[in-house]
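Trainee: Next comes the sequence, and after it the predicted model I'd like to discuss.
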Amino acid sequence: MHGFANPTRFLKLARWLTPLLLGSGLVVAAIALAWGLFAVPPDRLMGDTVRILFIHVPAAWLGMGGWTAIAIASLVELVWRHPLATVAARAAAVPGAGFTAICLLTGSIWARPTWGTWWVWDGRLTSFLVLLFLYFAYIALAGAVERDGASSRIPAIFGLVGAVNVPIINRSVVWWNSLHQPPSITIGKSAIDPAFLWPLLAATIGFSLLFGGIVLARMRMLLADIQAEARLRRKAMEA
Amino acid sequence: MREALDQWDFVVAAYATGIIGTLALAGWSWLAMCRAEARRDRIKRR
């Protein structure tokens, strides 16, 4: 793993991995969504709205997964000071915020026909909204640190502290009364019928591949910016 | 009398939100990467 902390070696790998992840993610997600839209039967209680599951659940998983990635990269940055850890944490923030927003929007759309309301201030929905605000704060903080040349350890500490919200989101439906259903999938167990479970797994894999491709593309963008700025500085010093 | 909600309207709205959002994220990130790498290569050649 330490070998890939070298930006040159990382870029060599990322050059072919980025289009591969984005392409395969698009194909798998498209197949899973078509499967969920046209081949899955309506649910006994929720009817056709159950199909929203195949967009909403992968987005929720990636919203929480994005912050988990930020926390792990922040820890690596603080402990081992790997040059790529800072870049990886920053690259995961925008797609993480994007999928969190998609999760909140699709959840709200799903809530209207099933709960009779667009929004309730319960533990799950509120903690997920807090996650979106944490992403916004992280993006703003990382931008400010980069602009003002402050220590990159500040967003890393924020990334670690913000990770407290991830288990709160996960346990919110167990700890507090909620209109949101309790966890349907736990380790080694699933309360979801196989007719819904398989397309859900396919959609989660497809969107995760896309997320990986987006993070790699953003890492390459950030690295290219760093290399360009370094070269400009060197040329200015030589002149 | 209240009109019954058409469930498919909500399904289509959720899929449109998810698909457009994901494609926008992927497309924007890809274009930003291409622009940044082209700029770096231009500066390197100068």
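Mentor: That came through fine.

Trainee: can you pull the contacts of A:V27?
Mentor: A:G206 (C-beta atoms under 8 Å, 6 or more residues apart in numbering or on different chains). (C-beta placed from N, C-alpha, C; glycine too.)

Trainee: so how far is chain B from it?
Mentor: A:V27 is 13 Å from chain B, where distance means C-beta to the nearest C-beta, to the nearest Å.

Trainee: A:A111 too?
Mentor: Taking C-beta to the nearest C-beta, one finds A:A111 at 9 Å from chain B.

Trainee: Kindly report the residues of chain B close to chain A.
Mentor: Proximity of chain B to chain A (C-beta under 8 Å from any C-beta of the partner chain) is limited to residues B:5, B:7-8, B:10-11, B:13-15, B:17-19, B:21-22, B:24-26, B:29-30, B:32-33, B:35-37, B:39-40, B:43-44, B:46.

Trainee: now these: which count as buried?
Mentor: B:7, B:10-11, B:13-15, B:17-18, B:21-22, B:25-26, B:29-30, B:32-33, B:36-37, B:40, B:43 (16 or more other C-beta atoms under 10 Å in any protein chain shown).

Trainee: Which of those residues fall within strands?
Mentor: With DSSP state E as the criterion, strands contain none of those.

Trainee: quick revisit: could you tell me which of the residues of chain B next to chain A belong to helices?
Mentor: B:7-8, B:10-11, B:13-15, B:17-19, B:21-22, B:24-26, B:29-30, B:32-33, B:35-37, B:39-40, B:43-44 (DSSP state H).

Trainee: where does chain B dip in pLDDT?
Mentor: B:1-4 (pLDDT under 70).

Trainee: Now the residue nearest the centre of it: closest residue in space, sequence neighbours ignored.
Mentor: Geometric centre of chain B, nearest residue: B:A24, 1.3 Å, by C-alpha atoms, centre = their mean. Using C-beta to C-beta, 6 or more residues apart in numbering or on different chains and skipping the chain neighbours, the partner closest in space to B:A24 is A:G98 (8.0 Å).

Trainee: Count residues in the vicinity of the one you found, would you?
Mentor: Using other C-beta atoms under 10 Å in any protein chain shown, the number of residues around A:G98 comes to 25.

Trainee: and A:R44, how many neighbours?
Mentor: 8.

Trainee: To clarify, my last question referred to A:P58.
Mentor: 31.

Trainee: Run through the neighbouring helices and strands of whichever strand or helix holds it.
Mentor: Using DSSP states H and E, A:P58 maps to helix A:53-80. Judged by 3 or more C-beta pairs under 8 Å, 6 or more residues apart in numbering or on different chains; DSSP states H and E, the packing partners of helix A:53-80 are helix A:7-34, helix A:83-115, helix A:123-148, helix A:153-162, helix A:165-175, helix A:194-238, helix B:7-45.

Trainee: Which of those helices sits closest to A:L45?
Mentor: helix A:83-115 (8.5 Å; C-beta to C-beta).
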